[in-house]
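Chemist: Sequence first, then the predicted structure, then my questions.
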Amino acid sequence: MRQVLPTPADEVVVSDCYARDERPARPGRPWVVINMIASIDGSTAVAGRSGGLGTPADHQVFTALRALADVIVVGAGTVRAEGYGPPRTPQAEQERRVARGQSRFPRIAVVTGRLDLDLSTPLFTESVEPPIILTGTAASAEARAAVTEVADVHVVGEAQVDLARALAALAGLGAGVALCEGGPLLNDQLLAEGLIDEICLSVSPMLAGGESARIIHGSAPATPMPMRLDRALEEDGMLLLRYVRA
Ligand SMILES: NC(=O)c1ccc[n+]([C@@H]2O[C@H](COP(=O)([O-])OP(=O)(O)OC[C@H]3O[C@@H](n4cnc5c(N)ncnc54)[C@H](OP(=O)(O)O)[C@@H]3O)[C@@H](O)[C@H]2O)c1
């Protein structure tokens with residue numbers, strides 16, 4: 001893996017690069033970093049999933065960010081499409097987390113209004129700590145009761161989850177860094193509410209075409225937000241870009 005910016009270097013260790021970055025908690029909420037992969041032409045999924053865009057290079061960033069996060073926030077659409085399971089933190093990263101005062105594994109927090117989740121999947125049956133569910137009051141009492149059996153449910157909104165309240169709830173659980181892994185609809189609301197501090201974007205050397213969403217895609221009214229390019233890594237044509245709020 002070579003570093004292109006800020007200073008050229010022939011070989012860098014991805015996990016070290018990301019571990020050195022500063023991610024201070026914000027007033028009343030964690031630092032929010034979004035990690036996404038897109039093709040050159042901006043597609044975020046091939047045949048409905050992001051895996052077709054990936055290479056070992058972006059997987060290193062995926063693993064490095066998960067190793068640093070206190071909580072991984074994800075929209076229910078992505079959980080359903082990608083078949084989310086418990087985080088598989090490598091043993092060495094677990095040790096580093098413990099040394100930093102973190103739990104061995106980041107927790108997964110799912111944003112969902114409908115609570116239409118498969119509760120028999122490993123995410124709910126095999127997680128070391130139960131997943132966190134961030135929901136509103138829209139789903140039925142029966143659905144909420146069923147999810148409460150296998151997850152830590154937080155009601156933070158009404159018809160829609162109030163994302164600022166959701167992040168405040170995660171801060172209340174001790175989260176200082178929230179890694180958001182999408183999808184585009186969730187990202188769109190985070191942008192509209194001014195809740196994005198950092199974007200890690202892997203640009204896959206591929207043209208995908210089709211109709212898939214961009215990394216932030218939806219109808220929430222957003223004001224364009226300037227970002228500063230903090231770092232660029234490259235391996236086998238995959239660009240690994242880190243932007244922070246300007
Ligand atoms: N390229 C990448 O890096 C990447 C990353 C992630 C995902 N993806 C792709 O993106 C697609 C899925 O993304 P998506 O944009 O369709 O879905 P998404 O953002 O993952 O999830 C949308 C769902 O999240 C829930 N949600 C989001 N905001 C909410 C709010 N404020 N209140 C209540 N519920 C809320 C709703 O769930 P309920 O319906 O349960 O109410 C909504 O249907 C998949 O194809 C996936 O492969 C790509």
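Modeler: In hand now; what should we look at? Keep in mind the model is a prediction, meaning the values are calculated, not measured. Numbers count the residues shown, from 1 in each chain.

Chemist: So the closest residue to Val150 other than its chain neighbours, which state does it fall into?
Modeler: Closest residue to Val150 apart from its sequence neighbours, by C-beta to C-beta, 6 or more residues apart in numbering: Phe124 at 4.3 Å. All C-beta spots, glycine's among them, are computed from the backbone N, C-alpha and C. At Phe124 the chain is in helix, as set by DSSP: H, G, I helix; E, B strand; the rest coil.

Chemist: Thr148 is in contact with Phe124, correct?
Modeler: No: counting by C-beta atoms under 8 Å, Phe124 sits too far from Thr148 to count as a contact (11.5 Å).

Chemist: Compare neighbour counts for these two and give me the winner.
Modeler: Phe124 (22 against 13; other C-beta atoms under 10 Å).

Chemist: Relative to Gly157, how far out is the more buried one?
Modeler: Distance from Phe124 to Gly157, counting by C-beta to C-beta, to the nearest Å: 22 Å.

Chemist: And for Leu241?
Modeler: Leu241 sits 32 Å away from Gly157, going by C-beta to C-beta.

Chemist: again with Ala109
Modeler: Counting by C-beta to C-beta, the gap from Ala109 to Gly157 is 14 Å.

Chemist: Need the overlap of contacts for these two.
Modeler: When contacts are counted by C-beta atoms under 8 Å, 6 or more residues apart in numbering, Ala109 and Gly157 have Ala166 as shared neighbours.

Chemist: Which one's more surrounded, these two?
Modeler: Here Ala109 and Gly157 are compared on neighbour count by other C-beta under 10 Å; more neighbours surround Ala109, at 26 against 19.

Chemist: Does Gly209 lie in a helix or a strand, and which?
Modeler: Under DSSP states H and E, no helix or strand contains Gly209.

Chemist: Who are the contact partners of it?
Modeler: Residues counted as contacts of Gly209 (C-beta under 8 Å, 6+ apart) are Asp41, Ser43.

Chemist: how about 7 Å then?
Modeler: Asp41 (C-beta atoms under 7 Å, 6 or more residues apart in numbering).

Chemist: Next, give phi and psi for it.
Modeler: phi 60, psi -160 (degrees, to the nearest 10).

Chemist: Get me the contact residues on the protein for the ligand.
Modeler: Within the chain, the residues that sit near the ligand (C-beta under 6 Å from any ligand atom) are 36-38, 44-45, 48-50, 75-78, 81-82, 111-114, 116, 136, 160-161, 163, 181-186, 189, 213.

Chemist: of those, buried ones?
Modeler: Buried subset of those (neighbour count, 16 or more other C-beta atoms under 10 Å): 36-38, 44-45, 50, 75-78, 82, 111-113, 136, 161, 163, 181-186, 189, 213.
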